[in-house]
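Can you look at this prediction? I've put the sequence above it.
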Amino acid sequence: MSSVLEQLVNKPYEHGFRTDIEAETAPKGLSEDTIRLISSKKNEPEWLLEFRLKAYRHWLTMEEPRWPNVKYPKIDFQDIHYYSAPKAKKKQSMDEVDPELLRTFEKLGVPMNERAKLAGVAVDVIFDSVSVATTYKEKLAKVGIIFCSISEAVHNHPDLVRQYMGSVVPPGDNYYAALNSAVFTDGSFVFIPRGVKCPMELSTYFRINTEESGQFERTLIIAEEDAAVSYLEGCTAPKFDTNQLHAAVVELVALDRADIKYSTVQNWYAGDEKGVGGIYNFVTKRGLCKGVSSKISWTQVETGSAITWKYPSCVLLGDNSIGEFYSVALTNHHQQADTGTKMVHLGKNTRSTIVSKGISAGQSNNSYRGLVKIGSKAGGARNYSQCDSMLIGSRCAANTFPYIQVNNPTAIVEHEATTSKIGEDQLFYFRQRGIGTEEAVSMIINGFCKDVFQQLPMEFAVEATKLLGLKLEGSVG
Amino acid sequence: MMGTGKTLLEVRGLTANVAGVPILKGIDLVVREGEIHAIMGPNGSGKSTFAKVLAGHPAYEVTGGTVLFEGRDLLTLPPEERARAGIFLGFQYPVEIPGVTNSAFLRLAYNTVHSARGKDELDPLEFDDFIREKMKLLEMDPAFLDRSVNEGFSGGEKKRNEILQLAALEPKLAILDETDSGLDIDALRVVANGVNGLLRPDNAFVLVTHYQRLLNYIVPHYVHVMQGGRIIKTGGKELALELENRGYDWVVDEYKSVTA
């Protein structure tokens, strides 16, 4: 059966085109000079340069983490471009954007212009680390919402950025967070003021276009008291034989009774079927439920990247705050994923839910790693975790590494895990009912991921379903 | 006995292996339209293997013989093509499919099979009406439609679900593999009524069973006894009763004395 199953997962990568746009790229290599160059290119205030340099100096003292269950050759950090920007000035409206770039996003299916209006999605587009265009800015500004690139926020809202940047993920948090803090070039900034429910989905599309360039974007989302926002991010990259590094930092801050929902569909180039090329996706995402009864919910569909190393986490500081993590991670060929979450319960009666679905096909390696930590003051805290793995074929691997630390006797922590395999008998059952192998696999996978897909906004759910189908084409048999 | 209908299935000298071990050692069987055949035999005689080989299970390797279905070479077709051509296998152990609702599964199967036969597909509303009607006949709770396929079903519920699929897909030839095993007497009656209600002049049933019990409710035209990968005796419905009373040993002895 391996032949049919295999054909099914081996659909070529659709977003592997490269756009010919003139880019202004800094020479390769990392030093204090590189950082000063980035900072001056972006006209940054002195405090931000200091923030970067401090992070860089800290980074120099750190070791690359070796504990994830992934294998890759040592990264040469001097062989990467740390700044690459499409040439020409920042545009005021979408009409002024380079048509070549618009065509790129057309190919990617990014809703912009008319389509954005129809879809009711505001989009910020990050192209090789630089924000290209943010739609709907004025409309959102009327209700006091700020949605712009982080570079703009640095200039226009420096107090907010200075107050919150690094408050959830400190510059020295981990190796890649420190690197990002030193060299980040752009990213998205969202601020939802007190009492405002954001009237539309906010969305960012990330694209790495230049070979040998790293993408280090930084996202900061702040929801004030009683505010609510749903934020989506999508990611793609062209095919290169070399590996590109993507080391992002995302920080979320929810004040009293605020609600932040953050959804990701990650489809970075995963390398070819022999494991050549692809993105190293080393990302730090963390949300702070700072206020009482606040809520942060992460939903991720991870299908791309040669290596994924990320743990979108919640720090539940406010009493009665809620953290959620819903994840589908699919690996095929030689992809490796070590992903999961951390739920850190600090406040009383804090609650968290973890639903993780790992699907491994080909010769891939898929690990769930999760930490549930209940602090000594977190009386009445509750966690429920469910980690399910599905194997397709017999050469892949799935692992679950749950870490549970409970320092309060009134807490309740539940963990459930299952492993299943799309077996010959399951497929035969479908086929005997007239349903072909591809449709059968797609139905089984979608059934398996249902609890997570239900959490995604409508359009994303449709996209995620299609994406999994494409990714698995040819893998079953 | 019947034997006047068109020939549906013609098996000649069929041999098959599982993991290199010969299980079927030369099966001959002809099934015509309007007929019910029972295949009986002790455990390990090859009954279930025969059923799965007809449906095209990839774990079984056909090593010889021919199988014609409505004159077409069945052995060259993948399992889904056989299903679309009108072969249905009622599973002894129906698999569970978490997260896939029974209604979605049934509708996809229905539309795939029926559109392959040149019929119109049904939209979800039309299909709902259609399937609820079938469920009534099988005394099934409509709540089944929203549950995941076979997940958490009792043994009896799984078998009823198989018969529901049979009713929906309207095959030409239904092979029911130990459908009676694990059924209490009420469920057995419901399943048997379902099958009896589905027999038409232009279709046929092959019942693979270990016990005579099912044949009290579904009366076969032919009873075949399998042993050692072959059909060693064929008779009418009275053969089943004789097997019930006397066991299988005498048939085996009789066969040995003839072939010795």
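Alright, I've got the coordinates. Note that the structure is predicted; figures quoted are calculated from it, not measured.

and residue 75, what does it touch?
All of this is about chain A. A:Glu64, A:Leu245, A:Tyr280 (CB atoms under 8 Å, 6 or more residues apart in numbering or on different chains). Bear in mind the C-beta positions are built from the backbone N, C-alpha and C, glycine included.

Chain B was what I was after
Taking CB under 8 Å, 6+ apart, we find B:Leu75 in contact with B:Val62, B:Thr66, B:Val67.

That one looks like it's in a helix, true?
Yes: secondary structure of B:Leu75 (DSSP: H, G, I helix; E, B strand; the rest coil): part of a helix.

ok and the residue in chain B nearest chain A?
B:Gly99 (2.7 Å; CB to the nearest CB).

A:Ile35 touches A:Glu50, doesn't it?
No: in this structure A:Ile35 lies outside contact range of A:Glu50 using CB atoms under 8 Å: 10.5 Å.

Please identify which of those two sits among more neighbours.
For A:Ile35 versus A:Glu50, neighbours defined as other CB atoms under 10 Å in any protein chain shown are more numerous around A:Ile35 (19 against 12).

Helix, strand, or coil at the closest residue to that one other than its chain neighbours?
Excluding the flanking residues, the one nearest A:Ile35 by CB to CB, 6 or more residues apart in numbering or on different chains is A:Arg52, at 5.0 Å. Three-state call for A:Arg52 (three-state DSSP): helix.

Report pLDDT for A:Arg52.
Turning to A:Arg52, the model gives it a pLDDT of 95.

How about B:Glu139?
85.

List the contacts of it.
Contacts for B:Glu139 (CB under 8 Å, 6+ apart) come out as B:Val190.

tell me the secondary structure for it?
coil.

Show me the beta-bridge partners of the most centrally placed residue in chain B.
Geometric centre of chain B, nearest residue: B:Ile175, 1.5 Å, by CA atoms, centre = their mean. The partner list for B:Ile175 in beta bridges (DSSP bridges) reads B:Leu89, B:Val206.

and what of A:His345?
Applying DSSP bridges, one finds that A:His345 bridges with A:Leu316, A:Ile374.

looking at it, it is touching A:Ser376, isn't it?
No: the criterion here is CB under 8 Å, and A:His345 misses it with A:Ser376 at 10.3 Å.

Same drill for these two, tell me which one is more crowded.
Counted by other CB under 10 Å, A:His345 and A:Ser376 do not tie: A:His345 has more neighbours, with 33 against 10.

quick one: contacts for that one?
Taking CB under 8 Å, 6+ apart, we find A:His345 in contact with A:Leu316, A:Ser352, A:Val372, A:Lys373, A:Ile374, A:Gly375, A:Ala378, A:Ala381, A:Asn383, A:Ala411.

How about B:Asn43?
B:His210.

so how far is B:Tyr60 from it?
Distance of B:Asn43 to B:Tyr60, given as CB to CB, to the nearest Å: 18 Å.

Show me what from the stretch 151-260 of chain B comes close to chain A.
Residues of the stretch 151-260 of chain B lying close to chain A by CB under 8 Å from any CB of the partner chain are B:Gln165, B:Leu169.

Please, where are all the helices along the stretch 151-260 of chain B?
Ranges of helices in the stretch 151-260 of chain B, per DSSP state H, counting those that start in this stretch, are B:155-169, B:185-198, B:237-246, B:249-259.

same thing with the stretch 1-150 of chain B?
Secondary structure of the stretch 1-150 of chain B by DSSP H, counting those that start in this stretch: the helices cover B:47-55, B:79-85, B:102-116, B:124-137.

cool, the stretch 301-450 of chain A as well?
A:424-432, A:437-453.

In the stretch 51-200 of chain B, where is pLDDT below threshold?
Scanning the stretch 51-200 of chain B for pLDDT under 70 picks out no residues.

do the same with the stretch 101-250 of chain A
In the stretch 101-250 of chain A, residues with pLDDT under 70: A:101-135, A:206-214, A:235-242.

The residue of it found nearest chain B pairs with what?
Using CB to the nearest CB, the single residue of the stretch 101-250 of chain A nearest to chain B is A:Leu232, 23.5 Å away. Counting by DSSP bridges, A:Leu232 forms beta bridges with A:Ser203, A:Ser263.

Tell me which residues are up against stretch A:56-68.
Stretch A:56-68 is contacted from outside by A:30, A:32, A:35, A:74-75, A:171-172, A:174-175, A:178-179, A:181-183, A:309, A:338, A:367, A:369, using CB under 8 Å, 6+ apart.

now swap in stretch B:122-131 and tell me
Defining contact as CB under 8 Å, 6+ apart, one finds that stretch B:122-131 is touched by B:Ser103, B:Leu106, B:Arg107, B:Tyr110, B:Asn111, B:His114, B:Leu145, B:Leu164, B:Ala168.

so the second one touches B:Leu166, yeah?
Put plainly, it is B:Leu106. No: taking contacts as CB under 8 Å, B:Leu106 lies outside contact range of B:Leu166: 11.2 Å.

since we're on residue 59, how many residues are nearby?
Going with chain A. Here the number of neighbours of A:Trp59 (other CB under 10 Å) works out to 22.

hm, I was asking about chain B
14.

Repeat that for B:Asn17.
With other CB under 10 Å as criterion, B:Asn17 counts 16.

and it, what are its bridge partners?
B:Pro22, B:Glu61.

A helix includes A:Val250, no?
No: A:Val250 sits outside any helix when classified using three-state DSSP, being strand.

Regarding the closest residue to A:Gly29 other than its chain neighbours, what is its secondary structure?
Once flanking residues are discounted, A:Gly29 sits nearest to A:Gln78: 4.7 Å by CB to CB, 6+ apart. At A:Gln78 the chain is in helix, as set by three-state DSSP.
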